[in-house]
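**Student:** Show me the folded form of this:
(one chain, ligands or ions: 1)
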Amino acid sequence: MLMFWLLLVVGLSVRSASLPTPTAASSESLPAPVRHAGSFEQLANSRYSVHSGFDDSLPRQVLANVLWAMSRAPRADSGVREFYVATVDNVYRFDQAQFRLIVHRAGDHRYNSGSAFEVGVAAGRPEEAGMAIQAGLLAGAAFNSEVQGTGHGGRGVVSCPMQWAADHANVDWKPDYPIQMVNVYGRAACAPLETLCVARSSDSSLPLPHVVGLDTFEAVIADLGQYSLFSPVGLSDENVSQLLWAAYGVTPHLTFNRRQGLTVPSAMASYYLADRIYVVGQYEVGRYRNRLAAEADAATRDHRLERTTAGDRRPQLRAATERIPGSAPVYFVVCVPDTAEAAAMMEAGFAGFQLLAQARALGLAGRLVVPLSRAEREATIAALELPAGHVPALVFACGEAERTVAAEGPDNAAVRIVRAQPAIRRGDLRLEYLLNRAGQVRVEVFDMLGRPVRLLLDEQQSSGYHAVVWNGTGENGVRLKRGTYLVVVLSGGTVARHKVDIG
Ligand SMILES: Cc1cc2nc3c(=O)[nH]c(=O)nc-3n(C[C@H](O)[C@H](O)[C@H](O)COP(=O)(O)O)c2cc1C
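**Tutor:** So this is what the prediction gives:
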């Protein structure tokens, strides 16, 4: 009898060990992504990492939006790209085609017991993981559009990329492919979305960027295409400024070690890309500086472009990496100190995502060329005469997409004035306007009787931001008499007006 019970218990325990965990559903659907009010620019200006102290009370919708945005991030030809998710219940693999979670490992395997969910990116290259991580962290922050206006102390969606969590995940989540990075999400007290721009140029080399855009973040992500054919229309200084800021510009927050935060995170706030983002245009090669001092003191902030080489180096660059589209008017070359440093390459991925998303938000077209081969890197270094320790990680080609005229109609063209400063009596008027589509632009000044007094501009322009400067003079160069005038910006059949008083 004793032998019988013994055999039964052993038999049952052997059987139960081979059975799947009874509570684990094999797959779970996710709600469709939803749209929020925050623009891409505002989320980039508002993002920061929260390292601890959050709770796990985030709705499933946040996870759905995060995974949707991450899966729409550009690829880097690295083969596999899988997303794993750890929640209090299970570790899942994200089925991108079916938009659902498939249980990968039952049970709670989170790194941080306070997190709502942790998303790990398995990708062949850190740049590719970086692009997805950046998309996902902004997608989480987008939920804080609703926290806006409640003042500090509102609780919202926070996150932090964590190397420690990635190390944990690679062991405990048992992924099929190595996880490059994990972003940990939770709920915590958070500030409302930022509208303050701190990226001011100390030498006026770049105009002030806009930290609030027109499109919602989700609209930008839904339409994140890449292009190969560009029109010859160049990029305005305003658009170049905007793109550089999005890639690596300063934002109002401070990091844990009291450095000035950026639009992207950085391992230990090391900022591998500081002074290493180059702009290659028609007249010069310049490098972006987001810090005040030449030695790049990371506690300071700036927003300037420093010329490194005069003249047009685009032909040399195009020859260096045949894969970049030859018709683009401007190229951004994102460099790292050392391509063997995964955190630096991941940061290049953050900046790459930002460039593509900002271009889209401006109505511009772009193509990311990533990764670069060793030969392409060396040829790019030679083409741009880059100093030691500035090794190209990716190239972003940007401009206006070459579109067929038939695809364009006057109906969806729009011009709007976005900034006017200062008034004429204090100096020149600088009028900034936003075109949602490329086209012929005419800017003309009229007196209050509707008589034209000065034609300021009549040319083809790309979409995005542009500026025109007027010194209050008429066609003959003589200052106009005291009175009120109207500056009219005309494009694609739409008109925007700005009143100016000459005192
Ligand atoms: C690749 C990478 C790894 C990181 N690892 C950790 C980590 O293990 N633990 C942590 O608390 N923060 C980690 N961070 C967050 C950084 O500390 C944070 O991004 C940096 O301090 C800048 O602050 P900010 O993101 O608020 O701008 C990591 C960030 C990156 C990009």
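
**Student:** okay, the residue nearest the centre of the chain: pLDDT?
**Tutor:** Residue closest to the mean C-alpha point of the chain, counted by C-alpha atoms, centre = their mean, is residue 354 at 2.2 Å. Listed pLDDT for residue 354 reads 98.

**Student:** how many neighbours does residue 385 have?
**Tutor:** 12 (other C-beta atoms under 10 Å). All C-beta spots, glycine's among them, are computed from the backbone N, C-alpha and C.

**Student:** Residue 495 too?
**Tutor:** Residue 495 has 11 nearby residues by other C-beta under 10 Å.

**Student:** Kindly report the same for the one 5 residues further on.
**Tutor:** Other residues within reach of residue 500, judged by other C-beta under 10 Å, total 19.

**Student:** Please name the residues that touch it.
**Tutor:** With contact set as C-beta atoms under 8 Å, 6 or more residues apart in numbering, residue 500 has these partners: 423-424, 429, 445, 470, 472, 484-487.

**Student:** For the residue of the stretch 351-500 of the chain found nearest the ligand, which non-adjacent residue is spatially closest?
**Tutor:** Closest to the ligand within the stretch 351-500 of the chain is residue 351: 11.5 Å, counting by C-beta to the nearest ligand atom. Once flanking residues are discounted, residue 351 sits nearest to residue 247: 4.3 Å by C-beta to C-beta, 6 or more residues apart in numbering.

**Student:** Pull the contacting residues for that neighbour.
**Tutor:** Residue 247 neighbours (C-beta under 8 Å, 6+ apart): 263-264, 277, 288, 332, 334, 351, 354-355, 358.

**Student:** Endpoint to endpoint, stretch 256-275 covers what distance?
**Tutor:** Stretch 256-275 has an end-to-end distance of 22 Å (C-alpha to C-alpha, to the nearest Å).

**Student:** can you pull the buried residues of it?
**Tutor:** 259-267, 269-275 (16 or more other C-beta atoms under 10 Å).

**Student:** when you check the ligand, which of those residues turn up near it?
**Tutor:** Checked against the ligand using C-beta under 6 Å from any ligand atom, the buried residues of stretch 256-275 yield the following neighbours: 261-262, 265-267, 269.

**Student:** Using CSV, lay out those together with secondary structure, pLDDT and distance to residue 73.
**Tutor:** Listed next are these as CSV, based on DSSP: H, G, I helix; E, B strand; the rest coil; pLDDT from 0 to 100; distance: C-beta to C-beta, whole Å:
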residue, secondary structure, pLDDT, distance to residue 73
261, strand, 97, 21
262, strand, 98, 18
265, coil, 98, 15
266, coil, 98, 18
267, helix, 97, 19
269, helix, 96, 23
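
**Student:** between the residues you listed, which is nearest residue 54?
**Tutor:** residue 265 (15.9 Å; C-beta to C-beta).

**Student:** Need the three-state assignment for residue 345.
**Tutor:** helix (DSSP: H, G, I helix; E, B strand; the rest coil).

**Student:** any idea which of the contacts of residue 247 has the most stuff around it?
**Tutor:** Counting by other C-beta under 10 Å, top hit in these: residue 351 with 31 neighbours.

**Student:** list the contacts for that residue?
**Tutor:** 247-248, 264, 273, 277, 334.

**Student:** and what of residue 376?
**Tutor:** 320-321, 323, 392.

**Student:** Pull the most distant pair out of those.
**Tutor:** 323 and 392 (12.5 Å).

**Student:** how many other residues sit next to residue 135?
**Tutor:** 26.

**Student:** Check the one 5 residues further on too.
**Tutor:** The burial count assigned to residue 140 is 26, neighbours taken as other C-beta under 10 Å.

**Student:** So it sits against residue 63, correct?
**Tutor:** No: using C-beta atoms under 8 Å, residue 140 is not in contact with residue 63; the gap is 9.1 Å.

**Student:** Okay, now stretch 444-462: how far is its last residue from its first?
**Tutor:** End-to-end distance of stretch 444-462 (C-alpha to C-alpha): 19 Å.

**Student:** could you show me where the helices are in the stretch 51-200 of the chain, in order?
**Tutor:** Secondary structure of the stretch 51-200 of the chain (DSSP state H, counting those that start in this stretch): helices located at 60-72, 126-141, 163-172.

**Student:** which one of these lies closest to the ligand?
**Tutor:** helix 163-172 (3.8 Å).

**Student:** which residues sit against the closest one?
**Tutor:** 84, 86, 109, 111-112, 118, 120, 175, 178-182, 184, 267, 343.

**Student:** Apply 10 Å and report the result again.
**Tutor:** 84, 86, 91, 105, 107, 109-112, 115, 118-122, 129, 162, 173, 175, 177-184, 267-268, 342-343, 346 (C-beta atoms under 10 Å, 6 or more residues apart in numbering).
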